[in-house]
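A.B. asks: Based on what follows, work out the 3D shape:
(4 chains)
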There are 4 protein chains.
Amino acid sequence: MTPKSLRRAVEALASFKIETPSWGYADTGTRFGKFFQDAAAIDTNDKLADAGQVHALTGCCPTVAVHVLWDFVQGEDPKNTAKMARKHGVKIGAVNPNVFQDQEYKWGSFANNDPKIRERAFEHCSYSVDIMKAVNSEYLSLWFGDGTNYPGQGSIRERKANFEQCFKALHKKLGPKQYMLIEYKPFEPAFYQTDVADWGMAYVYSKKAGPRSKILVDIGHHYNATNVEQIVAWLLDEDMFGGLHLNDRRYADDDLTLGSIDPYQIFRVFHEIHFFASDRGKMPKIPYMVDQCHNEKPKVEAMLQTVAMAQDLYAKAAIVDHDALRRAQAKNNVIDAELILKKAFFTDVSPAIAAFRKQNKLPGDPLAEHRRQGYEKKAAADRNRRRKDMGITRGGSFA
Amino acid sequence: MTPKSLRRAVEALASFKIETPSWGYADTGTRFGKFFQDAAAIDTNDKLADAGQVHALTGCCPTVAVHVLWDFVQGEDPKNTAKMARKHGVKIGAVNPNVFQDQEYKWGSFANNDPKIRERAFEHCSYSVDIMKAVNSEYLSLWFGDGTNYPGQGSIRERKANFEQCFKALHKKLGPKQYMLIEYKPFEPAFYQTDVADWGMAYVYSKKAGPRSKILVDIGHHYNATNVEQIVAWLLDEDMFGGLHLNDRRYADDDLTLGSIDPYQIFRVFHEIHFFASDRGKMPKIPYMVDQCHNEKPKVEAMLQTVAMAQDLYAKAAIVDHDALRRAQAKNNVIDAELILKKAFFTDVSPAIAAFRKQNKLPGDPLAEHRRQGYEKKAAADRNRRRKDMGITRGGSFA
Amino acid sequence: MTPKSLRRAVEALASFKIETPSWGYADTGTRFGKFFQDAAAIDTNDKLADAGQVHALTGCCPTVAVHVLWDFVQGEDPKNTAKMARKHGVKIGAVNPNVFQDQEYKWGSFANNDPKIRERAFEHCSYSVDIMKAVNSEYLSLWFGDGTNYPGQGSIRERKANFEQCFKALHKKLGPKQYMLIEYKPFEPAFYQTDVADWGMAYVYSKKAGPRSKILVDIGHHYNATNVEQIVAWLLDEDMFGGLHLNDRRYADDDLTLGSIDPYQIFRVFHEIHFFASDRGKMPKIPYMVDQCHNEKPKVEAMLQTVAMAQDLYAKAAIVDHDALRRAQAKNNVIDAELILKKAFFTDVSPAIAAFRKQNKLPGDPLAEHRRQGYEKKAAADRNRRRKDMGITRGGSFA
Amino acid sequence: MTPKSLRRAVEALASFKIETPSWGYADTGTRFGKFFQDAAAIDTNDKLADAGQVHALTGCCPTVAVHVLWDFVQGEDPKNTAKMARKHGVKIGAVNPNVFQDQEYKWGSFANNDPKIRERAFEHCSYSVDIMKAVNSEYLSLWFGDGTNYPGQGSIRERKANFEQCFKALHKKLGPKQYMLIEYKPFEPAFYQTDVADWGMAYVYSKKAGPRSKILVDIGHHYNATNVEQIVAWLLDEDMFGGLHLNDRRYADDDLTLGSIDPYQIFRVFHEIHFFASDRGKMPKIPYMVDQCHNEKPKVEAMLQTVAMAQDLYAKAAIVDHDALRRAQAKNNVIDAELILKKAFFTDVSPAIAAFRKQNKLPGDPLAEHRRQGYEKKAAADRNRRRKDMGITRGGSFA
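C.D. replies: The predicted structure is shown next:
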């Protein structure tokens, strides 16, 4: 790295914060089952403890995305969860309602043709905004499992109208500094049609809902070959980019570790963000949130790996030579333009990462330090004991 | 068919017009080469003659989409082409500028970073609007080959800005009853990024351009598994549906014959249109245009096959029992809802087609009649002779 | 239908048997959760009762595919399950080992790098062959969840070697009239690489295992746009076609109802089978097995719908005019060849289905009869009561 | 790089040869047209001169793949082309018959149902083997455009039988040290079905043809998400890997520059080759051939870029720590296994490239040196003058 690159990369890292998700510390699986881990979190306290461990080691994960259904107790003061977070050195980040899991959502939530279920889903989201206010959260992160499995099953336009109405009403609940982020996904758990299938649909909904509704891009929620960085560039240009869910994929919404399959794609997404900031003279505020399911990897280790990869690719994208790139683009010098990106991508930015860690008094190798501490072993022992006390047996079957 | 179904289907067919494309009568191929046909059209007169033959036999193809570059002579009165069309019993339909073929468009047309090339592309489109006025055409059909092949090659946002500016300016040229239709395509001939990649981008451009800019959906211009009928339903609901390009595909923009690969998908697209009309009490005006490349099939025969398939699937979609469907949907009776669609799809609507043809004094079997007339043989003889006279040899090589 | 077509279709239906899967009667879901049905089967007896109901109404589903882990009790005589089946009017069909669900298979079964786990998986499969012998089953149906989620995770060649060894050993266990069917799947639950990813891999494994190893094609286990009927035609030609899993898909292994998304594709698969039989003068013996997950539809209703669709598409494929098709193909008359397929596909074969049902003294409309009988309501009441008695609560959460 | 890594990388580079294709120096385009370059090669001498320039600058491209139809003159001694190559410092590599371009191949070559056309295609391939003998070439590189565009168009099994027969006969023509490489491709220029669609089909054909028939893997000839490195690992394990066509892709067979879209995938392919060599103690002989169409980039520059990227990724893959990887795999330590690959991928191997270039007395930066020499400008002037003399005008139109 040149001194200039190093400086730019370190500067970029200084303001690069990554939110980790509470559900990423618990056991997850595929529809064929879950492989359980002894050290997986049992409850919200465990999740926040794990998130705290990740932040303590990396210094860049100060907030935790929470799932209202799993991390708050209806009837209790939501501040309890916030306090618990503080105890572990982290804060509550995006609040995620859950309107896909309960049995009443079999036929959808906001799209449901039963107004009572729609009302229930809306109430849950509205309650989630209350939680945001209580815990001082800025982002309501909205993902829906709504959709249909078969042609004819639902009226696409009626479902759209139901969604529009709910989004509009929900926007009214937001405080002046709160944002609702609409996440799109073309497929799964509904297989024929999903009600927020692509960025265009999220855009139309957002524009109708109001100015504090933005679009949340999840890397995995695209068909193969979709140019994700183009969508990000467009949303930035339209001031509609609400956030980025970090993960990777090979075929579907695989929820794999960021950069594990196609690191150059992730780099290009970050590049579009830095390039936009360079053109505008100002880096927009963007919530970066990990959204992955580590079905086999140890949870905290996987999160540390993810954060390291995110910092690496973000720093690489930060040192693209924008002036040279603009010149190559102006001359349609395709090869030079490409090589400018590649040069940054393949630059070893570990000096910048090391400098960031040193400045922040962090361990030089968070993953190694985590292993040295024996955190996982201790967590496994503690949580197994508690499982035993609580009578938790872990089962479940495909059919 | 029940008498009621028959009546509905015949009624639907009465107003179902399909535009055929002038370029569909000429030789086309893949990047690996063209297989030439003796009966392929040499010039615009041939193309219009072929289109006239299709209309004479089917009674539902009164207009022909034209390509400005190929079907008009700069400097000559565009009315000449219109007259030529009338001579063959057809009229000029959508006007298609061509800003992708000439060498100066190597780096794009509306997205080009050279303002002179953008100006040139704009002038051609503007001239196309003049042609529309001269030939009394309602639709300016806009497809662009613009895009980049490699990451870094162009500034996505700058290209977007250039497009926005051109679209806005172009909209100003339109007469009060003229529409510009923006067609999207995610891939080919640009392979990394295209500037109008999906319906969302076409939507954003259209909204900025003005009220007479709408979105043109081409069946083939989607990634695999994209729910095309959902996009159509959305655009109808948003009053942004500008037209439908009829074709089919297996993997990419294969430009195959409508319904040859997935007829049920085409049926579902038509169903969403009929269902919308049923909900609103009025069928919207939708230009249906064939956009296919018959690389092996005899051109006119392929067009007759396409038109017959389009009528068949359109009539099937017209007889879906909307009331029963709404009831099944209201009860989330998925199986019944599906079966209602399937029942219509598998209904033999040939009585309706026969009635339509009889009412319009058309041959009962247009393809058989076309063959009986020996049209192709005569065209081949005539066109081969003319090629010889004109010194046309047909070559070309992949590399 | 012409009398000749009717005769051919009825003949075809007479020998068309469809196996239903025991697990298709139980609750299934996505990784995001299950929506429970009151009438879903609780135990093997329920599953066999439901399968019996389907056979009683359709007359073409005499066998039931069983899952060793769920439908047999280790230590008990497997004949008990066979007796139970007979009680419900059905027989045991393909035997499906399960080496993907237990916790020890976290790192694979046949591909596991721990020889003890491989041995355990092998023992389970070997035990499954014993069951086959006990219940007189002809097919060992082998599907594996083995694979890796990340590049580098496993040695692809070592895993292949482990599989080869297990398949060879397993083949030795087979009786002289027993077949092992190797099913391939490119994706899920492993996301980076699966050890039996495509038909080519299943072919190589089969050839090494022995002559009674064949390939099982599951419609859903292909990437989008894969030409499934071509694979079927190839496997028939190579005498390696071991069976067909019936279902449909839009994007991934969606396990949707047969023909719900792309009925023409299913028709083409059946067509290749009939065309092969026509060329060879003999229909090969092919086990057809439903493999679907009805997450929302009532289980038995969905199965009845599937069977009806299968019969419909199979009968349509049976009446393709092979002689005319061969003539059109010989002349490269693409349009006529296509129209011959389309004509059969769109022929209303309900007279043949009706004749089949009448001949077999079956209700004219199995689904309507099933509803008339109130089977589902009764099953729901009975099973809910039993759940209560057994203390079954149905929960589970994504994370 | 550690000294050990450096040594390994330099060693690996010493034996890494990349064949460039004669057609890669001529103008190519998409079906929508070609953008012509002044410096594009007009004839075989130009192509070989360009290939010579690439080899002179890179030292690792000693051979040129030739296209029989374009690079040899029927009736002349093929040695003339070999001599011409030698004059430019290169040798003839793989010989590529062309049985897709001529008009008689409209309905296929080896799959054609007209035995006369099959014979003609066979004769051309047979003549290509004669050329191989004359020019001392080891590889007959077989790619076919054969396939069908519509269901029903051809008999899949009859076409397969025709192919089998031709491949068998062709194998008989090969000399004892000559190989035929069968290339597969699922799509384009045939859109419904291709006769050598995947590696499984190429494998079955090869096994029937004989021991010197192997499989040629082209990176771009797969559906999205296909695990190409797994196929390479399988073919190596089966001793059926015949060669690798270098390029990249986003959606289809885009023929983009190697590593321009997904460099990590290319690295993984190379990794599987190095890992195999490490397990077997010997690097297999593998022909690496560039197969790309640079529609916009200057031809020679694009080739230099490709070669540099290939060397870079090949060297990175060479320094993967195989022992550490095996240990991580043995312990199912997914994260460490991944990090071992990533570490190599992101290692800056430019010292190794520099050492290789220095050892071979090559310019330190081939692309810069090429530009410094003004090669392209001179070629453009010369070739434009010759075009003028030869009366070459470059046209062509989509329709």
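A.B. asks: Next to chain C in this structure, residues from the stretch 1-150 of chain A, please.
C.D. replies: Within the stretch 1-150 of chain A, the positions lying close to chain C (Cβ under 8 Å from any Cβ of the partner chain) are A:23-24, A:26-33, A:35-36, A:67, A:70, A:100-101, A:103, A:106-107, A:145, A:149-150. Using the backbone N, CA and C atoms, a C-beta is placed for each residue, glycine as well.
A.B. asks: Could you pick out the buried ones from those?
C.D. replies: Neighbour-count burial (16 or more other Cβ atoms under 10 Å in any protein chain shown) applied to the residues of the stretch 1-150 of chain A next to chain C gives A:23-24, A:26-31, A:33, A:35, A:67, A:70, A:100-101, A:106-107, A:145, A:149-150.
A.B. asks: Tell me which of those residues fall in strands.
C.D. replies: Among those, the members found in strands (DSSP state E) are A:29-30, A:33, A:67.
A.B. asks: Whichever residue of chain A sits closest to chain B sits in which helix or strand?
C.D. replies: Relative to chain B, the nearest point of chain A is residue A:200 (2.6 Å; Cβ to the nearest Cβ). Taking DSSP states H and E as the criterion, residue A:200 maps to helix A:199-209.
A.B. asks: Just the residues contacting whatever helix or strand comes next after that helix, thanks.
C.D. replies: Moving toward the C-terminus from helix A:199-209, the next helix or strand (DSSP H and E) is strand A:213-218. Under the criterion Cβ atoms under 8 Å, 6 or more residues apart in numbering or on different chains, residues A:141-143, A:167, A:171, A:179-185, A:199, A:202-203, A:205-207, A:228, A:231-232, A:235, A:240-245, A:247, A:253, A:291 lie in contact with strand A:213-218.
A.B. asks: Each with direction, which strands does strand A:213-218 pair with?
C.D. replies: strand A:179-183 (parallel), strand A:241-246 (parallel) (DSSP bridges).
A.B. asks: Compute the inter-axis angle for the last one and helix A:199-209.
C.D. replies: Using axes from the mean of the first three to the mean of the last three Cα atoms, to 10 degrees, the direction of strand A:241-246 lies 140 degrees away from that of helix A:199-209.
A.B. asks: chain center to strand A:241-246: distance?
C.D. replies: Here the centre of strand A:241-246 is set off from its chain's centre by 7 Å, with Cα atoms, centre = their mean, to the nearest Å.
A.B. asks: next one: the shortest one
C.D. replies: Computed by Cα atoms, centre = their mean, the chain-centroid distance of strand A:179-183 equals 12 Å.
A.B. asks: Check which element follows that strand along the chain.
C.D. replies: Past strand A:179-183, the next helix or strand by DSSP H and E is strand A:193-194.
A.B. asks: do that following strand and chain C meet?
C.D. replies: No. Judged by Cβ under 8 Å from any Cβ, strand A:193-194 makes no contact with chain C; its nearest approach is 8.9 Å.
A.B. asks: and residue A:12, helix, strand or coil?
C.D. replies: helix (DSSP: H, G, I helix; E, B strand; the rest coil).
A.B. asks: related to what we said a few turns ago, make JSON lines from the strands paired with strand A:213-218 and add mean neighbour count and mean pLDDT to it.
C.D. replies: JSON lines is the format used below for these (neighbours: other Cβ atoms under 10 Å in any protein chain shown; pLDDT from 0 to 100):
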{"stretch": "strand A:179-183", "mean neighbour count": "24", "mean pLDDT": "98"}
{"stretch": "strand A:241-246", "mean neighbour count": "24", "mean pLDDT": "98"}
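A.B. asks: Ok, which of those strands comes nearest residue B:399?
C.D. replies: With Cβ to Cβ as the criterion, residue B:399 lies closest to strand A:241-246 of these, at 41.8 Å.
A.B. asks: Quick one: residues contacting residue A:54.
C.D. replies: A:20, A:61, A:300, A:303-304, A:307.
A.B. asks: again, only this time at 6 Å
C.D. replies: A:20, A:61, A:303 (Cβ atoms under 6 Å, 6 or more residues apart in numbering or on different chains).
A.B. asks: Next: residue A:1.
C.D. replies: residue A:351.
A.B. asks: Quick check: pLDDT value at it.
C.D. replies: At residue A:1, the pLDDT value in this model is 91.
A.B. asks: Pull the number of nearby residues for the residue lying closest to residue A:215 once chain neighbours are set aside.
C.D. replies: Nearest residue to residue A:215, sequence neighbours excluded (Cβ to Cβ, 6 or more residues apart in numbering or on different chains): residue A:202, at 4.5 Å. Residues lying near residue A:202 (other Cβ atoms under 10 Å in any protein chain shown) number 27.
A.B. asks: same thing with residue A:398?
C.D. replies: Residue A:398, neighbours per other Cβ under 10 Å, totals 22.
A.B. asks: Wasn't it part of a strand?
C.D. replies: No. Read with three-state DSSP, residue A:398 is coil and lies in no strand.
A.B. asks: Would you agree it is in contact with residue A:32?
C.D. replies: Yes. The pair residue A:398 / residue A:32 is scored as a contact, 5.2 Å apart, by Cβ atoms under 6 Å.
A.B. asks: how near is residue A:274 to residue A:235?
C.D. replies: 15 Å (Cβ to Cβ, to the nearest Å).
A.B. asks: In strands, which of the contacts of residue A:54 fall?
C.D. replies: residue A:20.
A.B. asks: got the contacts of residue A:54 as CSV, with pLDDT and neighbour count columns?
C.D. replies: CSV is the format used below for these (pLDDT from 0 to 100; neighbours: other Cβ atoms under 10 Å in any protein chain shown):
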residue, pLDDT, neighbour count
A:20, 98, 31
A:61, 98, 27
A:303, 98, 31
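A.B. asks: how close does residue A:62 sit to residue A:300?
C.D. replies: With Cβ to Cβ as the criterion, residue A:62 and residue A:300 are 16 Å apart.
A.B. asks: neighbour-wise, which of these two wins?
C.D. replies: Neighbours were tallied for residue A:62 and for residue A:300 using other Cβ under 10 Å; the higher tally belongs to residue A:300 (27 against 18).
A.B. asks: Who are the contact partners of the more buried one?
C.D. replies: With Cβ under 6 Å, 6+ apart, residue A:300 has these contacts: A:50, A:53.
A.B. asks: For it, give its distance to chain D.
C.D. replies: Distance of residue A:300 to chain D, given as Cβ to the nearest Cβ, to the nearest Å: 11 Å.
A.B. asks: same question, residue A:351
C.D. replies: 12 Å.
A.B. asks: Get me the contact residues on chain A for chain B.
C.D. replies: A:107, A:150-157, A:193, A:199-200, A:203, A:223, A:227, A:230, A:233, A:237, A:268, A:329, A:332, A:334, A:337-338, A:341 (Cβ under 6 Å from any Cβ of the partner chain).
A.B. asks: Going through the residues you listed, which ones are buried?
C.D. replies: Buried among the residues of chain A next to chain B (16+ other Cβ under 10 Å): A:107, A:150-157, A:193, A:199-200, A:203, A:223, A:227, A:230, A:233, A:237, A:268, A:329, A:332, A:334, A:337-338, A:341.
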